[in-house]
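Chemist: Next come a sequence and a model predicted from it.
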Amino acid sequence: MVTFLPSRPGRLADVPSFDRAIGGAESNVACVLAAAGHAARWVSRVGADGFGDHLVEAIAAYGVDTSRVRRDPGRPTGVYFRTAGERGGAGHEVAYYRSGSAASAMAADTVDTAALAAGRILHLTGITAALSASCRALLGELTAPRPGRPLISFDVNHRPGLWRGPGEGRVLRELAGGADLVFVGEDEAEEVWGVRGGPGAVRAALPEPPVLVVKQGARGATVFARPPGEDPPYEKADTVLFVPAPRVEVVATTGAGDAFAAGFLSASLRGLGLRERLRHGQLCAAAALTVPGDLAPPPDRGHADRLAALDEAEWGRLRLGPGWTRTAAGTEEATP
């Protein structure tokens, strides 16, 4: 979708102008992965309109393959407007205009399902599930067990403003249960499923995914990894690892969750360990947190690898502010 960012703080009713940008959780992840040097494809639908042109061109400029994006002559490209405040903060407003959009008509017969099955990882989010019944059915098909499917990555990404009527908790729970790798915020799990008690309680409520990442905001993130090949009732213990987040001078939080998922997926594709996967996710999130828009170029791979390899004390001293991804010197990000 096309995102309109306010030119100044205030209520939507009072903001006189907006700056156009690109948005969308899945496309954000694809853009960060492509910028990090991976082959990434975005499969979606946009309108045959100027906003659709802008989306396809802007996402392709990151190096993402957009050849399987279909154009809908009868439905518009989705848009949304938001205020300058942080999501969940007092006075924060979001106005979605996605009902009846080209993306809301995604279904097994309106997208290139062969392209969806062709990669090593297929990344999906709960935002798509919220758009329409046909989108929910499509995600249900994609997360259903079948031979030869790619690794299914699912970010819960609960957006209450997009859901119509009851049932989002059940839908998101079913989709997460069918995935191989799930990202969910600790606060998000409480909001959508009523789960309290920390990451362990989230894992108890969602035992099926082989890998579960529970994001804990500025504190860090916990990953649960089940031994390969284990079937219910999952008697073997998970590998459980918590990694604290580096301290970040936050400019805006929008897009940080998508960047975290992209960093974790990038490290997964490279075969790195769980600690490195979490740290790469946190570093990509830190890149997004230190810019005003949804997207930020990730740190150079060598730079990120060096930081991810720091010992616990050095990692704890990291202080990341605007422009940190352009810092090449070994210790410029760290302060005593």
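Modeler: Nice, thanks for sending it over. This is a predicted model, so every value here is computed, not measured.
Chemist: only C-alpha atoms for contact and neighbour calcs from this point on.
Modeler: OK.
Chemist: Ser132 is in contact with Ser104, isn't it?
Modeler: Yes. Under the criterion of Cα atoms under 8 Å, Ser132 makes contact with Ser104 at 5.6 Å.
Chemist: Same drill for those two, tell me which one is more crowded.
Modeler: Applying other Cα atoms under 10 Å to Ser132 and Ser104 shows that Ser104 carries more neighbours, namely 25 against 22.
Chemist: got the contact list for that one?
Modeler: Ser104 is in contact with Arg98, Thr128, Leu131, Ser132, Ser134, Cys135, counting by Cα atoms under 8 Å, 6 or more residues apart in numbering.
Chemist: Looks to me like it is in a strand.
Modeler: No. Secondary structure of Ser104 (DSSP: H, G, I helix; E, B strand; the rest coil): helix, not part of a strand.
Chemist: Can you name every helix or strand that the biggest helix by length in the chain contacts?
Modeler: In the chain, assigned by DSSP state H, the helix with the most residues is helix 274-289. Under the contact criterion of 3 or more Cα pairs under 8 Å, 6 or more residues apart in numbering; DSSP states H and E, helix 274-289 touches strand 220-225, strand 239-244, helix 256-269, helix 301-308.
Chemist: and the third one, how far out from the chain's middle?
Modeler: What that stands for is helix 256-269. Helix 256-269 has its C-alpha centroid displaced from the chain centroid by 8 Å (Cα atoms, centre = their mean, to the nearest Å).
Chemist: so that helix versus helix 301-308, what angle?
Modeler: For helix 256-269 against helix 301-308, the angle by axes from the mean of the first three to the mean of the last three Cα atoms, to 10 degrees is 100 degrees.
Chemist: re the thing from before, render the CA-only coordinates of the longest helix of the chain in PDB, please.
Modeler: Extracted C-alpha coordinates of helix 274-289, given in PDB (Å, rounded to 0.1, in the frame of the first residue of the first chain):
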ATOM      1  CA  LEU A 274      20.200 -18.500  17.000                       C
ATOM      2  CA  ARG A 275      22.100 -15.800  18.900                       C
ATOM      3  CA  GLU A 276      23.400 -14.300  15.600                       C
ATOM      4  CA  ARG A 277      19.900 -14.500  14.100                       C
ATOM      5  CA  LEU A 278      18.400 -12.500  17.000                       C
ATOM      6  CA  ARG A 279      21.200 -10.000  16.900                       C
ATOM      7  CA  HIS A 280      20.900  -9.500  13.200                       C
ATOM      8  CA  GLY A 281      17.200  -9.000  13.700                       C
ATOM      9  CA  GLN A 282      17.900  -6.400  16.300                       C
ATOM     10  CA  LEU A 283      20.500  -4.600  14.200                       C
ATOM     11  CA  CYS A 284      18.100  -4.300  11.300                       C
ATOM     12  CA  ALA A 285      15.400  -3.100  13.700                       C
ATOM     13  CA  ALA A 286      17.800  -0.500  15.000                       C
ATOM     14  CA  ALA A 287      18.400   0.700  11.400                       C
ATOM     15  CA  ALA A 288      14.600   1.200  11.000                       C
ATOM     16  CA  LEU A 289      14.200   2.800  14.500                       C
END
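Chemist: now it, how far from the chain's geometric center?
Modeler: On Cα atoms, centre = their mean, the centre of helix 274-289 falls 12 Å from the chain's centre.
Chemist: Next, the angle from it to strand 239-244.
Modeler: Calculated by the same axes, to 10 degrees, helix 274-289 forms an angle of 30 degrees with strand 239-244.
Chemist: which parts of the helix or strand encompassing Thr3 are buried?
Modeler: Using DSSP states H and E, the element containing Thr3 is strand 2-6. Applying a neighbour-count criterion of 16 or more other Cα atoms under 10 Å, one finds Val2, Thr3, Phe4, Leu5, Pro6 buried in strand 2-6.
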